[in-house]
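*Asks:* fold the following and give me the result.
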Amino acid sequence: MAATLFALVGLRNAAPGSPPIGSLLDYAAFFWAELLVAVGLTMVVVRGARIEGGHEKRRGQYA
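*Replies:* Below is the predicted model:
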């Protein structure tokens, strides 16, 4: 996901006939895609850190 986050900018700029940054197309699609990937990446990292750190209880365990 981190690679996708940074690759989307390059893909957008490499597209033939791409509009200038800040156009309506950017606000309608590109920035939303960037935002969703960034939020998803953050959630995965936080969840992984909590599981690896032992802060997450497994289902069925009583402590």
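
*Asks:* select the longest helix from this protein.
*Replies:* With secondary structure taken from DSSP state H, the chain has its longest helix at helix 31-53.

*Asks:* got a list of contacts for the lowest-mean-pLDDT helix or strand in the chain?
*Replies:* Least confident helix or strand, the chain: helix 24-25 with a mean of 80, by mean pLDDT, DSSP states H and E. Helix 24-25 is contacted from outside by Pro19, using CB atoms under 8 Å, 6 or more residues apart in numbering. In short, each C-beta sits where N, CA and C put it, glycine included.

*Asks:* apart from its chain neighbours, what residue comes closest to the residue nearest the centre of the chain?
*Replies:* Nearest to the geometric centre of the chain sits Val37, at 1.8 Å (CA atoms, centre = their mean). Excluding the flanking residues, the one nearest Val37 by CB to CB, 6 or more residues apart in numbering is Leu5, at 4.9 Å.

*Asks:* now do the helix or strand that the one you found is a member of: distance to the chain's middle.
*Replies:* Element membership for Leu5 (DSSP states H and E) is helix 2-14. Taking the mean of its C-alpha atoms, helix 2-14 sits 11 Å from the chain's own mean (CA atoms, centre = their mean, to the nearest Å).

*Asks:* got it, and stretch 6-24?
*Replies:* Counting by CA atoms, centre = their mean, stretch 6-24 comes out at 17 Å from the chain centroid.

*Asks:* in it, what's buried?
*Replies:* Residues Arg12 are the ones in stretch 6-24 that count as buried (16 or more other CB atoms under 10 Å).

*Asks:* that stretch spans what distance, first to last residue?
*Replies:* By CA to CA, to the nearest Å, the extent of stretch 6-24 from end to end equals 21 Å.
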